[in-house]
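S.K.: need the 3D shape of this:
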Amino acid sequence: MHYRIAAGYKPDIHLIGLNTVKIGAELYGGVPKENSGDFVKQKRDKCFPIWAIIDTRGSLQGLLHTCRRFEFCRDVVAFVSKTTPRNYIKHLVERKYDFHTAGTKKVDLKKVVSILAEKYGAKTILTDTGRILGNLLLNQGMADEISLLIHPEICGAKRYDMFTDIKKNINAQLYKSEVFQKKYIWLRYKMCKNNKSGSK
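M.R.: Residues are numbered from 1 along each chain as shown. Model prediction:
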């Protein structure tokens, strides 16, 4: 259901946080060893999105090939900073990953979006990341829409709080809802204009 909803947006870019990559690798059975195919750029159909991954510390060294192998990933583009370890940059170069420096210590998200638009023709950028990257995008007024898939489960004390780092109340307007399998509710909200902070 998740991938069906994501594919429906027909994104040019899938913006992913590094923790999402790590968790995904664990869910899919761990990290396989690299082979010769992992040192070559993918040539998949352009109907699939490019995966843009922010990793300033080189935390995904030895993991990126799990993304590149994913059948719905056209290829991977990494965003790093001026302080990213040199051995990680070498790792990216050897495997022919596109990468861009978009900040001094941390990545400037507005610069990331600008690069994706200018160099990759991105018009629709989708992210289904966790709290950190998602909250940064919302705080900077860089989200045009929020998509929520409601599951009928009460989590209690073990809940995962998605919006704890939001700095101020953010207004949104519901414009579409849909029910799946008589129990899941998909809600789509447009962000109100008064939330914007001069971003795209």
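S.K.: contacts and neighbour counts: CA atoms only from here.
M.R.: OK.
S.K.: contacts only, for Pro32.
M.R.: Thr66 (Cα atoms under 8 Å, 6 or more residues apart in numbering).
S.K.: tell me the secondary structure for it?
M.R.: Three-state call for Pro32 (DSSP: H, G, I helix; E, B strand; the rest coil): coil.
S.K.: relative to Thr66, how far out is it?
M.R.: Distance of Pro32 to Thr66, computed by Cα to Cα, to the nearest Å: 8 Å.
S.K.: continuing past whichever helix in the chain runs longest, what's the next helix or strand?
M.R.: In the chain, with assignment by DSSP state H, the single longest helix is helix 109-120. On the C-terminal side of helix 109-120, the nearest following helix or strand under DSSP states H and E is strand 125-127.
S.K.: any idea of the mean pLDDT in that next one?
M.R.: In this model, strand 125-127 has an average pLDDT of 94.
S.K.: what's the first helix or strand after that strand?
M.R.: Downstream of strand 125-127, the first helix or strand assigned by DSSP H and E is helix 131-139.
S.K.: what sits up against that next one?
M.R.: The contact list for helix 131-139, computed with Cα under 8 Å, 6+ apart, reads 17, 109, 127-128, 143, 161-168.
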